[in-house]
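Enquirer: coords please:
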Amino acid sequence: MLSFRWWMVTVAVLGLIVGPGPINIFSFGVFVKPMAAELGTSREVLSFALLLTTIAGALSNPVVGALIDRFGTRPTLVWLIPTTALGLFARSLVTPSHLDLFATFFLVGFTGTVTGPTGYAALVARWFDRERGLALGIAMAGVGLGVALVPALAAYLISAFGWRAAYRALGVLVLVLAWLPAFFIRDPAPADLARLSDTRPDGTLAGVGLLAALASWRFWALTVAFFLSVVAINGTVAHTVPMLTDRGVSMALATTAVSASGFAIILGRILSGWCLDRFSGRAVAVAFFMVPMAGILILAEGGGAVLPIFGAALCGLAVGAEIDLMAFFVSRYFGIRAYGRVYGTMFSLFNAGNGVGPFIGGYSFSHYHGYGPALILFEAALVLTCLLFVPLGPYPYPAPRRAGAAQPAAASA
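Expert: Model (predicted):
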């Protein structure tokens with residue numbers, strides 16, 4: 001049982017390496033200049049195309065969550081992951097037409113959510129209880145591994161074969177790392193679910209439905225907090241490569257800074273997951289979102305070879321925590337009865353922020369000839385993020401207090 005549960009975590013790690021974060025957001029910086037040069041467009045236009053990608057993801061995430069709740073994780077992923085690869089192939093065929101550019105970016109955003117955290121978080125949350133924070137943290141560390149590896153791989157492919165071939169290669173990578181392992185996924189059987197504190201004595205899953213979650217102020221406090229955090233952090237990281245190369249930093253060093261943020265994401269995911277199983281989630285959240293404030297300041301002011309890498313790593317620690325925190329908080333504040341739909345809806349709104357931040361950065365560069373105004377706005381967003389976590393209160397669906405101790409779940413709303 002134990003080894004099989006952790007195999008599900010391994011499958012999640014592999015799939016999230018090529019999830020929408022590493023493929024769309026964190027690799028965006030290495031594609032910006034070659035795409036702008038060949039297509040004859042601006043960074044602002046490309047940033048708007050990325051915004052459309054995240055809007056499309058916001059539209060499709062609740063659908064993916066509902067399909068997982070209805071049909072299970074394995075069927076949903078097996079049938080839909082190939083559409084992500086097809087979307088990346090379509091992006092490699094984009095023309096200088098803005099309509100064509102926007103349409104292909106929207107397509108990738110809509111199809112790419114199936115390789116995102118929604119399905120994998122639902123799978124892991126249903127296999128784990130007391131160790132749920134750590135298991136989710138390790139699973140979501142796949143995003144960090146992807147951020148560490150995919151931009152560097154994309155940069156190599158672009159330099160060797162061009163950006164179009166790079167997108168086609170990423171499509172193949174999605175099939176290898178996400179689609180093939182999905183055939184080995186198994187959703188927990190009723191006997192497995194009975195071990196969870198989220199399961200009532202009659203065998204039904206505890207938790208609220210989607211409408212009840214949407215009526216809760218906690219849902220919106222968490223959603224706004226995570227939205228603001230991703231606007232600030234991903235808006236900074238997505239423009240790290242052009243920001244640094246504009247200052248004369250080499251492409252190799254700028255890409256290293258992004259890779260450093262990827263490795264920091266891995267650390268942030270695992271560390272935040274470990275902390276969530278032991279300490280107040282509110283305190284963990286505030287601590288992790290204070291860290292990127294320093295990282296953004298360093299990227300805004302720092303020079304040399306070491307400081308940009310350190311600044312990007314500090315941002316990466318928070319990126320590492322945010323999806324892990326979201327996945328954990330949804331299970332503890334709303335239960336797992338409608339986990340896919342609740343998490344998918346929250347993540348869809350969060351996912352829209354992935355494009356808002358880079359767009360703000362691109363707008364700042366185009367209109368103010370630098371990233372300073374955007375970085376100031378990002379710092380303010382992180383302050384508000386921390387404040388939103390403070391009043392959340394205790395979990396309605398906590399883990400058992402000790403190993404083997406079942407704990408009555410809160411009544412469904």
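Enquirer: quick one: low-confidence ranges for this protein?
Expert: 1-3, 191-205, 249, 258, 262, 302-305, 320, 400-413 (pLDDT under 70).
Enquirer: any idea what sits nearest residue 274, other than its immediate chain neighbours?
Expert: Take residue 274 and drop its neighbours on the chain: the residue closest to it by CB to CB, 6 or more residues apart in numbering is residue 134, 5.3 Å away. Just so you know, the C-beta spots here come from the backbone N, C-alpha and C atoms, and that holds for glycine as well.
Enquirer: So which residues of the stretch 251-400 of the chain form strands?
Expert: Read by DSSP state E, counting those that start in this stretch, the stretch 251-400 of the chain holds no strands at all.
Enquirer: so where do the helices sit in it?
Expert: Assignment of helices within the stretch 251-400 of the chain using DSSP state H, counting those that start in this stretch yields the ranges 251-276, 281-301, 307-334, 339-368, 372-389.
Enquirer: Need the contact partners of the shortest one.
Expert: It refers to helix 372-389. With CB atoms under 8 Å, 6 or more residues apart in numbering as the test, helix 372-389 has contacts from 221-222, 224-226, 228-229, 231-233, 235-236, 239, 282, 285-286, 289-290, 292-293, 296-297, 299-300, 357, 360-361, 363-365.
Enquirer: Over to stretch 164-175?
Expert: 18, 23, 27, 31, 81-82, 84-89, 91-93, 115, 150, 153-154, 157-158, 161.
Enquirer: Just the ones of the residues you listed in helices?
Expert: 31, 81-82, 84-89, 91, 150, 153-154, 157-158, 161 (DSSP state H).
Enquirer: Among those residues, name the buried ones.
Expert: Neighbour-count burial (16 or more other CB atoms under 10 Å) applied to these gives 31, 81-82, 84-85, 87-89, 91, 150, 153-154, 157-158.
Enquirer: Just the closest of those residues to residue 323, please.
Expert: Using CB to CB, residue 150 is the member of those that lies nearest residue 323, at 16.2 Å.
Enquirer: Residue 56 versus the residue nearest to residue 47 when sequence neighbours are not counted, what's the distance?
Expert: Leaving aside its sequence neighbours, residue 47 sits nearest to residue 362 (CB to CB, 6+ apart; 3.0 Å). Applying CB to CB, to the nearest Å, the value for residue 362 to residue 56 is 18 Å.
Enquirer: before we move on, what about residue 326?
Expert: As for residue 326, its distance to residue 56 is 20 Å (criterion: CB to CB).
Enquirer: cool, residue 19 as well?
Expert: On the measure of CB to CB, residue 19 and residue 56 end up 15 Å apart.
Enquirer: Neighbour count for these two, which is higher?
Expert: A direct count of neighbours by other CB atoms under 10 Å for residue 19 and residue 56 places residue 19 higher, at 30 against 24.
Enquirer: since we're on the residue nearest to residue 125 when sequence neighbours are not counted, how many residues are nearby?
Expert: Once flanking residues are discounted, residue 125 sits nearest to residue 331: 4.8 Å by CB to CB, 6+ apart. If you count neighbours by other CB under 10 Å, residue 331 ends up with 29.
Enquirer: who's in contact with residue 331?
Expert: 125, 132, 198, 339, 397.
Enquirer: Leaving out sequence neighbours, find the closest residue to residue 361.
Expert: residue 239 (4.1 Å).
Enquirer: my guess is the one you found meets residue 363, correct?
Expert: No. Under the criterion of CB atoms under 8 Å, residue 239 makes no contact with residue 363, lying 10.9 Å away.
Enquirer: among the helices of the stretch 251-400 of the chain, which is the most enclosed?
Expert: Ranked by mean neighbour count, the helices of the stretch 251-400 of the chain are led by helix 307-334 with a mean of 27 (mean count of other CB atoms under 10 Å).
Enquirer: by how many degrees do it and helix 281-301 diverge?
Expert: Computed by axes from the mean of the first three to the mean of the last three CA atoms, to 10 degrees, the angle separating helix 307-334 from helix 281-301 equals 160 degrees.
Enquirer: orientation of helix 307-334 relative to helix 372-389 in degrees?
Expert: Angle, helix 307-334 to helix 372-389, by the same axes, to 10 degrees: 30 degrees.
Enquirer: re the thing from before, I figured the residue nearest to residue 47 hits residue 36, correct?
Expert: No. Under the criterion of CB under 8 Å, residue 362 makes no contact with residue 36, lying 10.5 Å away.
Enquirer: Please report how far residue 375 lies from residue 76.
Expert: 38 Å.
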